[in-house]
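Q: Pasting the sequence and the predicted coordinates here, then a few questions.
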Amino acid sequence: MTLPITRRQILASSLLTASAIALAPHVRAADDQKKVGFCVVGIGSLAKNQIIPALANTQSAKLVALVSGHAATKAPPIVKDFHLKAESVYNYDNFDTIKDNPDIDVVYIVLPNSMHAEYTIRALKAGKHVLCEKPMATSVEDCQAMIDAAKAANKKLQIGYRLQHEPVNMKAIALLRSGELGKIKNIEAGAGFPIGDPTQWRLNRKLAGGGSMMDIGIYAQNACRYLSGEEPVEVSAMSYSTPNDPRFKEVEETLLFTLRFASGLLANCASSYGFGVNRFKVTCEKGMIEGDPFLSYKDLSLFARLPGKPGRQDITPKQVDQFGAEMDDLARAIIQGKESTTPGEEGLRDMKVITALYESAKTGRVVKLG
Ligand code: NDP
């Protein structure tokens, strides 16, 4: 299944090219043996175009195995370019035998959302650490079961919040925490793109768990949490889907929502499959910062109005491969015996907020969070 071109445009993704995969051989560095071995599950758009090429840009991770329902057609070029062992290509039926492969340290779940919980728990039971794509799962109960399985297996569980590992968003967080701009008064955040093919799994409730909010709006909501450093205490939301549009028969097109934080801070946000938006703006007592765009795979920008300095300044830092940074964070956590920066608990918190937002949109009421 391929992503619609519109999503490719908004994320400015690098396409799968022979040159991207051909980057692979240079990862075979002298210290390759010390790297943490990753097994990628589901060779779809994100795995092919971002994650597998990013494994060429990591310090501490390497690709050692694949799981695919279409291994005969999808695996061969990757096996060749990454010098994988033929026996390190699995399918969904023999997935559990990864437990016998000592080369695999981490299983990276890049499947449709409703499959995340099952494959995460099976990988943990096979004695592997897990990196699971966002959204963590499609229910709070599944998120909790995944965290419990990681604890029972004594393995790490990281959620694929790439923006919390990349310099633009990290610089925004650092600037807000420094106090230089004073108290945060308001956050506006929007994440959306016009979705294409009505037959794709993202528009199938059973596989996606919801619509734009599960897939792209989660970035706006997660940004409000990491930018403020606070948890929302109550939320309200309104949803809209274009009548008779074949794309929105099962899931919502747009969700507009408000988050109230304990300090009194209010954030107003947009999530959409109907229009493009990719921006946050944090207004503070003594200034402002703006990420525009803040969630693309590359070429993000950060602007600020700083106290004592005239005008709006471009303070964008140097950027890195976000997926490489995310995988290195988990690899380092494993090597050094530390916690990942974005553990399962972070995914669970988002799922609690998203569940409350859907409840608010359905009932028309403000929903309180514990
Ligand atoms: P794709 O549809 O492109 O790929 C999903 C892959 O999962 C398929 O190619 C297939 O691989 C496998 N699969 C197994 N069962 C099914 C099924 N029933 N229907 C469809 N695919 C199936 O999706 P993406 O790669 O775009 O997304 C995968 C995950 O990554 C999602 O959870 C998504 O939210 C997340 N994501 C995260 C992004 C980020 O920036 N962090 C960006 C994009 C996506 P195979 O044929 O090999 O079995």
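A: Now that the structure is in, tell me what you want to look at.
Q: Who's the closest spatial neighbour of K185, skipping the chain neighbours?
A: Closest residue to K185 apart from its sequence neighbours, by C-beta to C-beta, 6 or more residues apart in numbering: T283 at 5.2 Å. The way it works is simple: take the backbone N, C-alpha and C, and place the C-beta from them, glycine included.
Q: I figured that neighbour hits A189, correct?
A: No: counting by C-beta atoms under 8 Å, T283 sits too far from A189 to count as a contact (11.9 Å).
Q: These two: who's more crowded?
A: The neighbour count for T283 versus A189, taken as other C-beta atoms under 10 Å, is higher for A189 (28 against 15).
Q: Wait, a helix at the more buried one?
A: No: under DSSP: H, G, I helix; E, B strand; the rest coil, A189 falls outside any helix and is assigned strand.
Q: before we move on, back to that, helix/strand/coil for the residue nearest to K185?
A: Under three-state DSSP, T283 falls in the strand class.
Q: In the sheet, which residues pair with it? Tell me.
A: Beta-bridge pairing of T283 under DSSP bridges involves N186, M288.
Q: So which elements touch the one helix or strand C269 maps to?
A: If you go by DSSP states H and E, C269 is part of strand 266-272. If you count contacts as 3 or more C-beta pairs under 8 Å, 6 or more residues apart in numbering; DSSP states H and E, strand 266-272 packs onto strand 184-192, helix 218-228, strand 254-261.
Q: and of these, who's closest to the ligand?
A: When the helices and strands packed on strand 266-272 are compared by C-beta to the nearest ligand atom, helix 218-228 sits nearest the ligand, at 8.3 Å.
Q: which is the next helix or strand following that closest one?
A: strand 232-240.
Q: Paired strands for that following strand, with orientation please.
A: Strand 232-240 pairs in its sheet with strand 254-261 (antiparallel), strand 367-368 (antiparallel), by DSSP bridges.
Q: excluding its backbone neighbours, what's nearest D321?
A: Distance criterion C-beta to C-beta, 6+ apart; nearest residue to D321, sequence neighbours excluded, is N57 at 4.3 Å.
Q: Which pLDDT value belongs to the one you found?
A: Per-residue confidence for N57 comes out at a pLDDT of 80.
Q: try the one 10 residues further on
A: The predicted local confidence for V67 comes out at a pLDDT of 98.
Q: Isn't it up against G44?
A: No: V67 is beyond contact range of G44, at 11.7 Å (criterion: C-beta under 8 Å).
Q: Common neighbours of these two, please.
A: Common contacts of V67 and G44, defined by C-beta atoms under 8 Å, 6 or more residues apart in numbering, are absent altogether.
Q: Please identify the most buried of the helices and strands packed on strand 266-272.
A: helix 218-228 (a mean of 24; mean count of other C-beta atoms under 10 Å).
Q: ok, back up a step: as JSON lines, the helices and strands packed on strand 266-272 with mean pLDDT and distance to N91 would be great.
A: Below are the helices and strands packed on strand 266-272 laid out as JSON lines (pLDDT from 0 to 100; distance: least, C-beta to C-beta, whole Å):
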{"stretch": "strand 184-192", "mean pLDDT": "98", "distance to N91": "34"}
{"stretch": "helix 218-228", "mean pLDDT": "98", "distance to N91": "29"}
{"stretch": "strand 254-261", "mean pLDDT": "98", "distance to N91": "36"}
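Q: closest to R122 out of these?
A: helix 218-228 (23.8 Å; C-beta to C-beta).
Q: For that closest one, give me every contacting residue.
A: Helix 218-228 is contacted from outside by 134-135, 161, 163-164, 169, 172-173, 176, 184, 187, 189-191, 213, 231-232, 257, 259, 261, 263, 265, 267, 269-271, 280, 282, 291, 294-295, 349-350, 353-354, 357, using C-beta under 8 Å, 6+ apart.
Q: Figure out how far it is from the centre of its chain.
A: Relative to the chain's own centre, helix 218-228 is displaced by 12 Å; criterion: C-alpha atoms, centre = their mean, to the nearest Å.
Q: Next: stretch 142-151.
A: Offset of stretch 142-151 from its chain centre (C-alpha atoms, centre = their mean): 18 Å.
Q: What average pLDDT does it get?
A: Rounded mean pLDDT across stretch 142-151 is 98.
Q: Stretch 314-329 too?
A: Average pLDDT, stretch 314-329: 97.
Q: touching the ligand at all, that stretch?
A: No: using C-beta under 6 Å from any ligand atom, stretch 314-329 stays clear of the ligand, with a minimum separation of 7.6 Å.
Q: which residues are in contact with that stretch?
A: Contact with stretch 314-329 is made by 38, 50-51, 54-55, 57-61, 106, 108, 131, 158, 160-163, 165-168, 171, 175, 289, 297-304, 340-342, as judged by C-beta under 8 Å, 6+ apart.
Q: Any chance of JSON lines for the strands paired with strand 232-240, columns distance to the ligand?
A: Shown next, in JSON lines, are the strands paired with strand 232-240 (distance: least, C-beta to the nearest ligand atom, whole Å):
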{"stretch": "strand 254-261", "distance to the ligand": "16"}
{"stretch": "strand 367-368", "distance to the ligand": "24"}
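Q: Output those strands in TSV; the columns should cover distance to N94.
A: Shown next, in TSV, are the strands paired with strand 232-240 (distance: least, C-beta to C-beta, whole Å):
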stretch	distance to N94
strand 254-261	39
strand 367-368	43
